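*Asks:* could you work out the structure for the sequence below:
(2 chains)
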Amino acid sequence: MNNEAWLAERTFHHSNFWDIKWLVEEKQRQGLTISLCLPTYNEEKTIGKEIVILKSELRDRYPLLDEIAVIDSGSSDRTLEIAASFGADTYLAEEQLTECGNHRGKGENLWKALYLLKGDIIVYVDSDINNIHPRFVYGLIGPLIKDPEIHYVKAFYDRPLAFSGGLRPTGGGRVTEILTRPMFSLFYPELTSILQPLSGEYAGRRSILEQIPFPVGYGVETAMLIDIYEKLGMSAFAQTDLDTRHHRNQETIALGRMSFGILRTMFNRLTRAQRANFQEELPKIMRQFNVQNGEFEQVEYFIEEIERPPIIEIDAYMQKFHPELQAAGP
Amino acid sequence: MKERSAVLPDNETSDAIHPVVEHIADLPDALLPLREEVLANLAMLAQIPAPTGEEAARVRYILDRFVATGLPEAGADEKGNAVGFLPGKTGRRTVMLVAHLDTLIPKEADHNVFVQADRLVGAGVSDNSLGVAVMSMLPRCLDELGIQLDSNLQLIGSVGSLQRGDHEGLRFFLDHAQRKIDFGLVLEGIELGRLNTFSIGTVRADIVCDVRPEHERGYGADSALIVLNQIINRILKISIPTRPFTKIRLGQIKAGALYNIEPNHGELGLEVVSDSNEMIDRIIGEIEDIVTESSARNAIDLKLDCFFRREPGGIPFAHPLVKCVVNVMSQLRLQPDQSHRPSELSEFVAHGIPAVTLGITTGETHIRRPDFVMIDPILKGVAQIIGVLLEIDRGACDEQ
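*Replies:* Sure thing, here's the model as predicted:
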């Protein structure tokens, strides 16, 4: 399947899946369970609405979701309290799989979600979406229910950036356009068809997610795409247009640190595949500068980009999800 | 439809007001499984802008909810109201529940809603997104409780209610209703305990002033702002009696855009309210004289546009509907507040239909910053509406 054919066949719009009742019937017919994971860190402003709307529409009215869980990185605000009060299961990431240690980052929460949640399909949705709507979930689940050949679905948007003057009608995806797409064009040209590779909303089958490593930090979205691509090829992917997404905009300087993490994740994969070779280990320090009263000050950020192994390598996971394989031994 | 509810055990036969509801006080707990659904409905609805005259998107949303709930009749009427109909078992009575869809919030304002631990915050959530959300969910609530009413429910999300809309949506529906409406319940987001049974006579008017542009004005001629100021001063001198209750409210003034240019157009919005029609007529007559005289004396274009008129009236405290509402409120430990607040109740009054206006929760309404509604009392507010429906359904609100 070339890029054009893939785009034509595997690019959906959320409205293709408006019939939630059909999705529920088909899910039940296929014997699937579906879990929603909301990774959080200080999201008290938006988490309540996300849970209320998604639980009401996709669990209470139409039982498309079997569970809704918030996995938190140690919020200092009321995120967990609010989430629990509206009926979500809540977990503090550092208290889960403690035998594996703890690292703070979104990827850590997503990785531990595979152990904590029971679904055959896991839907990941960021917790900072102001205009949350059920389409953010059913738009991603739809292709997986419709086509068993699809293993992973990515969201894309026309993303207005929130700023003080209201809403700018288009934009966003700066890191995508400046870093990820050029890198994909160089090393993974087929993946350039994924219109927003860094979007925070995606859904995948457990059967593939359990087989790939998860970077703990900024690189988790990029790593998922590359690793699933290397295992299953483009035919495993689909993408869904979810229209607009209103969210907080990050400062350019923060995107610089994000880019550093993504670059490290990509280089890890290129060296793993022996497509790139560095004589020395790449540094883990990102340097940025502040200026005050005409004086420049260097600020160093330690960005390690730790990766969690495929979760099927974890005993506790295998005991819970594949006891038959574990009993059979290596 | 569910067969039974948890409110009354299956083997119970009692003198309850309905076969599945023994105590109205138990209803809020029985509605608990629907809490997130009510909040979600409110949040999604409130995020759809609906200034008066531009309610179409909200109408579509409400009609989708009606259809999803399984209402056999759901559609927009000629005026654009969202109309749903749930037939009762016998259809002996028809109760109309209405909530206005339009808001005072401009379309381009931020309509984002925040769900906090104890409240929902957002533009227009109290006035009147909550009323609409609850109205649209009543069939779902009755279903959850296992209640099938004998009475028909006529559900209306009304358009064109506010400002110069002049309740045009509801008035049109009542003027052209195909079924006899026996009772009306007007739902407003706040305040819980609100019990409006009468409507004060009201006239709303705009005084529109147009003078020649500044560079064409003769020496000493006044700008529209100054002319309106002179008119305000004269209106303030109109004598107002203590009884019957009468008041002139000068509510809006619009004129000018720049510091350095005197405006040649201005508008003054005012309201005259009174328990007496004669008093309203007298005051409006005096204002008309002021406007006509000022127009002639200053050789300017001044018009008085009375675009809204409501007759005073309503049902007395002794009416069985009021007694039943008070009784339901008492069972839910609510203190009725019967002070007057304007609502679409006046349309029911004008059509001779016994009706009350009820609030659903506590909270605050604001114009320049987002409203909020408290989450906890909402289910009590919904229980109150269902309690009143049950009382109507068993004939307790019928006049002897």
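*Asks:* point out the residues in chain B that sit beside chain A.
*Replies:* Residues of chain B found near chain A (Cβ under 8 Å from any Cβ of the partner chain) are B:33-34, B:36-37, B:39-41, B:43-44, B:47, B:68, B:108, B:110, B:112-117. Just so you know, the C-beta spots here come from the backbone N, C-alpha and C atoms, and that holds for glycine as well.
*Asks:* show me what residue of the stretch 201-330 of chain A gets nearest to chain B.
*Replies:* A:H246 (7.2 Å; Cβ to the nearest Cβ).
*Asks:* now do the stretch 51-200 of chain A
*Replies:* For the stretch 51-200 of chain A, Cβ to the nearest Cβ, closest residue to chain B: A:S56, 3.4 Å.
*Asks:* so that residue sits against B:A40, correct?
*Replies:* Yes: the pair A:S56 and B:A40 passes the contact test of Cβ atoms under 8 Å, sitting 3.4 Å apart.
*Asks:* could you list every helix and strand in contact with the helix or strand hosting B:A68?
*Replies:* Element membership of B:A68 [criterion: DSSP states H and E] is helix B:56-69. Counting contacts by 3 or more Cβ pairs under 8 Å, 6 or more residues apart in numbering or on different chains; DSSP states H and E, helix B:56-69 is packed against helix B:35-46, strand B:73-76, strand B:82-86, helix B:130-145, strand B:152-158.
*Asks:* want to try TSV for these, with mean pLDDT and mean neighbour count as columns?
*Replies:* What follows is those, written out as TSV (pLDDT from 0 to 100; neighbours: other Cβ atoms under 10 Å in any protein chain shown):
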stretch	mean pLDDT	mean neighbour count
helix B:35-46	96	25
strand B:73-76	96	16
strand B:82-86	97	24
helix B:130-145	96	24
strand B:152-158	98	27
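*Asks:* what is the burial count for residue 184?
*Replies:* By default, I'm working from chain A. Neighbourhood size, A:F184 [other Cβ atoms under 10 Å in any protein chain shown]: 22.
*Asks:* if you could check chain B rather than the one you did, that'd help
*Replies:* Using other Cβ under 10 Å, B:G184 is surrounded by 26 other residues.
*Asks:* repeat for A:S85
*Replies:* Neighbours around A:S85, by other Cβ under 10 Å: 18.
*Asks:* what of B:S330?
*Replies:* So B:S330, with other Cβ under 10 Å, has 13 neighbours.
*Asks:* residues in contact with the helix or strand hosting it?
*Replies:* Using DSSP H and E, B:S330 maps to helix B:320-331. Residues outside helix B:320-331 that contact it (Cβ atoms under 8 Å, 6 or more residues apart in numbering or on different chains) are B:23-25, B:183, B:193, B:195, B:197, B:315-316, B:335-336, B:354-356, B:358, B:384, B:387-388, B:391-392, B:396-400.
*Asks:* quick one: average pLDDT of it?
*Replies:* Averaging pLDDT along helix B:320-331 gives 96.
*Asks:* average pLDDT across the helix or strand following it?
*Replies:* Tracing the chain past helix B:320-331, the next element assigned as helix or strand by DSSP H and E is helix B:345-350. Throughout helix B:345-350, pLDDT has a mean value of 93.
*Asks:* convert the C-alpha atoms of helix B:345-350 to CSV, please.
*Replies:* These are the backbone C-alpha positions of helix B:345-350, laid out as CSV (Å, rounded to 0.1, in the frame of the first residue of the first chain):
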residue,chain,number,x,y,z
LEU,B,345,-44.5,31.9,33.2
SER,B,346,-46.3,35.0,31.9
GLU,B,347,-47.1,33.2,28.7
PHE,B,348,-49.0,30.5,30.6
VAL,B,349,-50.7,33.2,32.6
ALA,B,350,-51.8,34.9,29.3
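*Asks:* can you point out the buried residues in it?
*Replies:* B:345-350 (16 or more other Cβ atoms under 10 Å in any protein chain shown).
*Asks:* which one of those residues is nearest A:K45?
*Replies:* B:L345 (37.0 Å; Cβ to Cβ).
*Asks:* contacts only, for the closest one.
*Replies:* Contacts of B:L345 (Cβ under 8 Å, 6+ apart): B:184, B:186, B:196-199, B:314, B:355-357.
*Asks:* let's see which of those end up in helices.
*Replies:* Taking DSSP state H, every one of these sits outside helices.
*Asks:* so what's the residue count around B:R164?
*Replies:* Count around B:R164 with other Cβ under 10 Å applied: 14.
*Asks:* okay, the closest residue to it other than its chain neighbours and chain A: tell me how far apart.
*Replies:* Distances taken as Cβ to Cβ, 6 or more residues apart in numbering or on different chains place B:F307 nearest to B:R164, at 5.5 Å, with adjacent residues excluded. Distance from B:F307 to chain A, counting by Cβ to the nearest Cβ, to the nearest Å: 32 Å.
*Asks:* next one: B:L174
*Replies:* For B:L174, the distance to chain A - Cβ to the nearest Cβ - is 32 Å.
*Asks:* run a quick check on that residue versus B:H351, I expect a contact.
*Replies:* Yes: the criterion here is Cβ under 8 Å, and B:L174 meets it with B:H351 at 4.8 Å.
*Asks:* who's more crowded, these two?
*Replies:* For B:L174 and B:H351, the more surrounded residue by other Cβ under 10 Å is B:L174, and the numbers stand at 21 against 15.
*Asks:* just give me the residue right at the centre of chain A.
*Replies:* Nearest to the geometric centre of chain A sits A:G200, at 4.7 Å (Cα atoms, centre = their mean).
*Asks:* that one touches A:Y124, doesn't it?
*Replies:* Yes: counting by Cβ under 8 Å, A:Y124 is a contact partner of A:G200 at 7.3 Å.
*Asks:* for chain B, what are the nearby residues on chain A?
*Replies:* Counting by Cβ under 8 Å from any Cβ, chain A sits next to chain B at A:44-46, A:48-49, A:51-53, A:55-57, A:60-61, A:78, A:81-82, A:85-87, A:130-131, A:133, A:166, A:246.
*Asks:* 10 Å instead?
*Replies:* Residues of chain A lying close to chain B by Cβ under 10 Å from any Cβ of the partner chain are A:20-21, A:44-62, A:78, A:81-87, A:130-134, A:162, A:166-167, A:246.
*Asks:* in helices, which of these fall?
*Replies:* Filtering the residues of chain A next to chain B for helices - DSSP H - leaves A:20-21, A:47-55, A:81-85.
*Asks:* give me the buried entries from those.
*Replies:* Neighbour counting over those (16+ other Cβ under 10 Å) leaves A:20, A:47-55, A:82-83, A:85 as the buried ones.
*Asks:* does B:R212 touch B:V227 like I think?
*Replies:* No: counting by Cβ atoms under 10 Å, B:R212 does not reach B:V227; the two are 11.6 Å apart.
*Asks:* quick one on the thing from earlier: and the residue of the stretch 201-330 of chain A closest to chain B, how many residues sit next to it?
*Replies:* 18.
*Asks:* do B:E311 as well
*Replies:* Quick note: B:E311 (other Cβ under 10 Å) scores 13 neighbours.
*Asks:* how much space between it and chain A?
*Replies:* On the measure of Cβ to the nearest Cβ, B:E311 and chain A end up 42 Å apart.
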